[in-house]
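K.L.:
Sequence and predicted structure are below.
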Amino acid sequence: MAVLTALLDACVIYPAPLRDLLMYLAVENVYQPRWSNAIHEEWIRNLLANRPDLRREQLERTRTLMNTHARDSLVTGYEVLIGSLTLPDPDDRHVLAAAIHSRAAIIVTFNLADFPAIALASYGIEAEHPDVFISRLIDTSTDGVLAATKRLREALKDPPKSVEELLITLEAIGLPRTAERLRAYSERI
């Protein structure tokens, strides 16, 4: 069965708990993530602006780990498409261009208004909120999602989190449906 390919917008890579969950899902081969260096730069720049306690070196290490552990995730060669694309915010055209070039079926983003269906339809791409995206993954790959979520929870050591604490964190970052769906499988995560 083909694995779903999804381009991750910078806004879903920015919050560490969501980034970590998306990475564990990728490592479990639940879906194939895609991103570009421009997307990496955007989330890193915004995180550094909002979190002066972080250093660029730390976030560059995260970028390197992401590129290393999610096979074939880094999209290059898409830049030629940017000028031909139209979106409400021209600064988002690089995201759509990378999605087109990488043959992603979905752009995972909190900013759905920036990627209207009418602008994406001719490319066979949809924009999805991460809560909808991960809920869909629960439907199509329940065991993989549960394994990834369990690995994520077990990796949290400073401080460790119970299943409920992890689910509360997911709710707090905008994933209420995902948290509720995962609650039904608490004993497995």
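P.N.:
Received it, and whenever you're ready, just let me know what you need. Numbering: from 1, shown residues only.

K.L.:
pLDDT below threshold where in the chain?
P.N.:
In the prediction, the chain carries residues with pLDDT under 70 at positions 1.

K.L.:
how is the chain carved up into domains?
P.N.:
5-134, 141-188 (automatic domain parsing).

K.L.:
need the strands for the chain, in chain order.
P.N.:
For the chain, strands defined by DSSP state E occupy the ranges 5-8, 32-36, 74-75, 106-108, 126-128.

K.L.:
which residues sit against the second one?
P.N.:
Going back to what we said before, that points to strand 32-36. For strand 32-36, the surrounding residues in contact (CB atoms under 8 Å, 6 or more residues apart in numbering) are 3-8, 13, 22-23, 26, 66, 70, 72-76, 78, 94, 98-99, 102, 104. C-beta: built from backbone N, CA, C; applies to glycine.

K.L.:
distance of P160 from E154?
P.N.:
Note on P160: its distance to E154, by CB to CB, to the nearest Å, is 9 Å.

K.L.:
now swap in D139 and tell me
P.N.:
To E154, D139 is 24 Å away according to CB to CB.

K.L.:
again, but for T68
P.N.:
Counting by CB to CB - T68 and E154 are separated by 20 Å.

K.L.:
swap in K161?
P.N.:
Separation of K161 from E154 (CB to CB) stands at 10 Å.

K.L.:
Please apply the same query to R56.
P.N.:
29 Å.

K.L.:
One more: A97?
P.N.:
When CB to CB is applied, the distance between A97 and E154 equals 37 Å.

K.L.:
Between the two, which has more neighbouring residues?
P.N.:
Here A97 and E154 are set side by side on neighbour count (other CB atoms under 10 Å), and the busier one is A97, at 24 against 11.

K.L.:
ok, back up a step: would you point to the one among the domains of the chain that's packed deepest?
P.N.:
For the domains of the chain, ranked by mean neighbour count under the definition mean count of other CB atoms under 10 Å, the leader is domain 5-134 at a mean of 18.

K.L.:
what's the span of that one, first residue to last?
P.N.:
13 Å (CA to CA, to the nearest Å).

K.L.:
Cheers, nothing more for now.
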